[in-house]
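Enquirer: sequence below, structure please.
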Amino acid sequence: MAATSEAKIASLYSELDRFQKNGDYQKALNTVNKILKEARNDETAFKCKVVCLIQLSQFQQAFKEIVNNPSFASALVFEKAYCQYRLNKINEALSTINAVSEPSQKLKELKGQVLYRLEQYGKCLDVYKDLIKNTSDDFDEERETNLSAVVAAMQLWEGQSTEDLGLKDDTFELCYNKACLVLGQGDYTEALKLLERAEQLCKESLEDDPDMTEEEIEAELGSVRVQKGYILQLQGKTDEAMKIYNQVVKLRPDDIGLMAVASNNIVSLNKDQNVFDSKKKIKATISDNLNHKLSVQQRSAMACNRCLIMVYTNQYDQCRKLLKNIKDKDKESDMPCLLEAALLCREKQYQKAMKLLEEYSNSKEDVSIALTLTRAQIYLMQGNIGQACDVLQSLGDNKHRPGIVSTLVALYANMENTEGAIEALDKAVDWYKSQGGSQSELHTLLRENTNFKIRHGQSEAATSLLEDLRQANPGDIRTLAQLISAYSKFDPKRAQELSQELPPVQEFSGNIDVDTLENTPIFMATRAMKKGAPKNEPAAGDAKKEAEITKKKRKRKKIRYMPKYYDPAVTPDPERWLPIRERSTYKAKRKNKKAGIGKGTQGATAGPNDMDASSIPNSPQAGKPSPKPSSSSGASVPPRQQKPTQATKKKQASKGKKKKGGGW
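Expert: So this is what the prediction gives:
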């Protein structure tokens, strides 16, 4: 009996091996269940069952089998951790892996994936470095791709630079990851070039696959194109970025993370315009599955955009509920406070918004610059320019940045506080000189400070700044000219000395004849500019030919014809060009007072006696028509039967005239 059972199990194992080689894991699972029915404690069969469940993506069932059979669990640590990872129990998976004192290679690979999902990029980098150093097999390229992804994520999301690891960019994934790394470093132009190359590599690799359709290739390229759109958006090319995002959204990619990112970026481009479209697009960012597809920063940005859409659509109560959830998840960020202040400002509660921002600023040691700028903006919305300047002055070293300095100068100029503006400019220049800031920003501040002082009559104070600019760039003619102009106001001798260093006029004038230019009348010069200067000047010996050409080109004098009855002795009427109605001699025609006779109300009828016209003495049957109706007639003629007198006269007059032409 035992021999028969062993033979049956051996036969089932042979069948299991055949199904495994064919990739038919459902039949393999049925076979394993038969083996376990014959031998319940067969550890190999149990492990095969767990593997079959994993291959069939039945992770919950596989994890349940491992938990319910603790005697086999020690040999299935990797499978248990992998099931936890696929079930999005990331922290539990990490605990399972860390419980192993000497993890295997595949367990280290899984640990790297788990750490990447938990956004612990530093530890993840160490794991992949160790794997690449101590492992060599067919998966080396995949490990290098994962390493490049970790390096790019550290630069993008944490701003941490790493040493040059000598990563390649000869494949689609490696080139894409390198583009993300360069993007995190702020080199948008180079990142765009790398993304275009990655797109080309992706097309070449996928077009060789006969099973890939054109729609599937476009879907694979979606992530590259969305990243290109993001870079174009950062560069201010919003129309191009919007076009790319709409193309990706129109394809409806299966990757919900890609769809969410593209939709969110469209919403950010719409801002407070096209709100209804944004309201539809923002729905793509609401899904529980996105928690495992996007980073913390991406999910936070999408939640904030949802709040802003609610503010724009006046959904204040829903916005407050979402704000509460954001505060609970991200207590360190300033964005929830800024969103709440924006909501209060939308409701015209500026004092409450200001109080909220001040209380939040006092509760934190390190306040972000965005929070302070928001306070200044609210003061400006209320018209309190002085208080806005005080807030900007409280920014510490940030107040010396060119953007803040420019804002302060504009506000002080609006209040006609020239001294305050000059003080802000001088302090910014001194800070850059002492702290060794960017030289380009220092030169910009020096130039603007100089121009402002010269405009407000402080030429002597501007000369020291111009001397610094000249020392930094001795060959700048513009600086030298400004310096001479400034010295000419209070030190003409020094201005004369510096003017000797100006280059000769011939370097700038070129072939211009100054004497001819000075003697040319202004109206002639303007006419010549409109017509355009001749391309080739004629030679001196061709004067005769030039005169003939000029004579030919000369316009003929137009012959003026006078009116037929023109009398030169009579002065023409000065009002001859005016319309007849506007002339002083015009007399309007008199209105016919009897024109309204015969236009009675609709439906008016005459009496029975009025219908007999023969009884009326003045009727045409009784005699000739009279120009005026007789006042002695006993019966009055209804209005509709009366005939205007003038019309009768005209009719009689026309009987005596003969028409020309012989027609009738």
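
Enquirer: tally of neighbours for residue 255?
Expert: Number of residues near residue 255 (other CB atoms under 10 Å) recorded here: 15. To be clear about C-beta, it is placed using only N, CA and C from the backbone, and glycine gets the same treatment.

Enquirer: and it, its phi and psi?
Expert: The phi/psi pair for residue 255 (degrees, to the nearest 10) reads phi -70, psi 110.

Enquirer: contacting residues for it?
Expert: 219, 222, 223, 293 (CB atoms under 8 Å, 6 or more residues apart in numbering).

Enquirer: between the residues you listed, which is nearest residue 351?
Expert: residue 293 (41.8 Å; CB to CB).

Enquirer: now the closest one: how far from residue 471?
Expert: 56 Å (CB to CB, to the nearest Å).

Enquirer: ok, now residue 436?
Expert: With CB to CB as the criterion, residue 436 and residue 471 are 16 Å apart.

Enquirer: circling back: in helices, which of the contacts of residue 255 appear?
Expert: Counting by DSSP state H, the part of the contacts of residue 255 found in helices is 219, 222, 223.

Enquirer: ok, residue 380 - contacts?
Expert: residue 388 are the contacts of residue 380 under CB under 8 Å, 6+ apart.

Enquirer: cool, and the one 4 residues further on?
Expert: Shown here is residue 384, which makes no contacts under the criterion CB under 8 Å, 6+ apart.

Enquirer: and it, how close does it get to residue 345?
Expert: 14 Å.

Enquirer: which of the helices or strands spans residue 100?
Expert: Element membership for residue 100 (DSSP states H and E) is empty, with no helix or strand holding it.

Enquirer: isn't it right next to residue 107, touching?
Expert: Yes - judged on CB atoms under 8 Å, residue 100 makes contact with residue 107 at a distance of 6.3 Å.

Enquirer: neighbour count for these two, which is higher?
Expert: residue 107 (17 against 14).

Enquirer: not counting sequence-adjacent ones, nearest residue to the more buried one?
Expert: residue 78 (5.4 Å; CB to CB, 6 or more residues apart in numbering).

Enquirer: got it, and residue 318?
Expert: Per CB to CB, 6+ apart, closest to residue 318 is residue 310, 5.3 Å.

Enquirer: got the confidence number for the one you found?
Expert: In this model, residue 310 is scored at 92, pLDDT.

Enquirer: distance of residue 224 relative to residue 372?
Expert: Going from residue 224 to residue 372 by CB to CB gives 38 Å.

Enquirer: ditto for residue 334
Expert: Residue 334 is 10 Å from residue 372, by CB to CB.

Enquirer: repeat that for residue 134.
Expert: Residue 134 is 51 Å from residue 372, by CB to CB.

Enquirer: if you count what's nearby, which of those two comes out ahead?
Expert: More neighbours surround residue 372 than the other of residue 134 and residue 372, with 20 against 9 (other CB under 10 Å).

Enquirer: for residue 338, see how far away that one is.
Expert: Distance, residue 372 to residue 338, by CB to CB: 11 Å.

Enquirer: I'd assumed residue 316 was in contact with residue 347.
Expert: Yes - Residue 347 sits in contact with residue 316 when judged by CB under 8 Å, with a separation of 6.9 Å.

Enquirer: distance of the nearest residue to residue 135 once chain neighbours are set aside relative to residue 356?
Expert: Excluding the flanking residues, the one nearest residue 135 by CB to CB, 6+ apart is residue 105, at 6.1 Å. Going from residue 105 to residue 356 by CB to CB gives 54 Å.

Enquirer: which of these two has more residues huddled nearby?
Expert: residue 356 (17 against 12).

Enquirer: nearest residue to the more buried one in space, please, no chain neighbours.
Expert: Once flanking residues are discounted, residue 356 sits nearest to residue 341: 5.7 Å by CB to CB, 6+ apart.

Enquirer: element containing residue 452, please.
Expert: helix 439-455.

Enquirer: next, the buried residues of that helix.
Expert: Residues of helix 439-455 classed as buried under the neighbour-count rule (16 or more other CB atoms under 10 Å) are 442, 443, 445, 446, 447, 448, 449, 450, 452, 453, 454.

Enquirer: packing partners of the helix or strand just after it?
Expert: Note on helix 439-455: by DSSP H and E, the next helix or strand toward the C-terminus is helix 459-472. If contacts are counted by 3 or more CB pairs under 8 Å, 6 or more residues apart in numbering; DSSP states H and E, helix 459-472 sits against helix 439-455, helix 477-490.

Enquirer: in the last one, what counts as buried?
Expert: By neighbour count on 16+ other CB under 10 Å, the buried set for helix 477-490 is 479, 480, 482, 483, 484, 486, 487, 488.

Enquirer: quick one: the fourth one from residue 471, how far?
Expert: By that I understand residue 483. With CB to CB as the criterion, residue 483 and residue 471 are 11 Å apart.

Enquirer: find the nearest non-adjacent residue to residue 177, please.
Expert: residue 148 (3.8 Å).

Enquirer: hang on, I meant residue 275
Expert: Spatial nearest neighbour of residue 275, excluding adjacent residues (CB to CB, 6+ apart): residue 312 at 5.0 Å.

Enquirer: residues near that neighbour, how many?
Expert: The burial count for residue 312: 18, using other CB under 10 Å.

Enquirer: before we move on, what about residue 501?
Expert: Quick note: residue 501 (other CB under 10 Å) scores 11 neighbours.

Enquirer: what is the least confident helix or strand in this structure?
Expert: helix 645-655 (a mean of 46; mean pLDDT, DSSP states H and E).

Enquirer: residues contacting residue 145?
Expert: 171, 173, 174, 177.

Enquirer: can you tell me the SS state at the second one?
Expert: Of the three states, residue 173 takes helix under DSSP: H, G, I helix; E, B strand; the rest coil.

Enquirer: now it: how far from residue 141?
Expert: 9 Å.

Enquirer: of these two, give the one with the bigger neighbour count.
Expert: Here residue 173 and residue 141 are compared on neighbour count by other CB under 10 Å; more neighbours surround residue 173, at 19 against 13.

Enquirer: residue ranges with poor pLDDT in the stretch 1-150 of the chain?
Expert: 1-4 (pLDDT under 70).

Enquirer: tell me which stretches of it form strands.
Expert: In the stretch 1-150 of the chain, no strands are found when defined by DSSP state E, counting those that start in this stretch.

Enquirer: can you show me the CA trace of the host helix or strand of residue 303 as PDB?
Expert: Applying DSSP H and E as the criterion places residue 303 in helix 296-312. Output in PDB follows, covering the C-alpha atoms of helix 296-312 (Å, rounded to 0.1, in the frame of the first residue of the first chain):
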ATOM      1  CA  VAL A 296       4.600  61.800  -0.400                       C
ATOM      2  CA  GLN A 297       5.400  65.100  -2.100                       C
ATOM      3  CA  GLN A 298       3.200  64.200  -5.100                       C
ATOM      4  CA  ARG A 299       0.300  63.200  -3.000                       C
ATOM      5  CA  SER A 300       0.600  66.300  -0.800                       C
ATOM      6  CA  ALA A 301       0.600  68.600  -3.900                       C
ATOM      7  CA  MET A 302      -2.500  66.900  -5.300                       C
ATOM      8  CA  ALA A 303      -4.400  67.200  -2.000                       C
ATOM      9  CA  CYS A 304      -3.500  71.000  -1.900                       C
ATOM     10  CA  ASN A 305      -4.700  71.400  -5.500                       C
ATOM     11  CA  ARG A 306      -8.000  69.700  -4.600                       C
ATOM     12  CA  CYS A 307      -8.400  72.300  -1.700                       C
ATOM     13  CA  LEU A 308      -7.800  75.200  -4.100                       C
ATOM     14  CA  ILE A 309     -10.400  73.900  -6.600                       C
ATOM     15  CA  MET A 310     -12.900  73.800  -3.700                       C
ATOM     16  CA  VAL A 311     -12.000  77.300  -2.800                       C
ATOM     17  CA  TYR A 312     -12.500  78.500  -6.400                       C
END
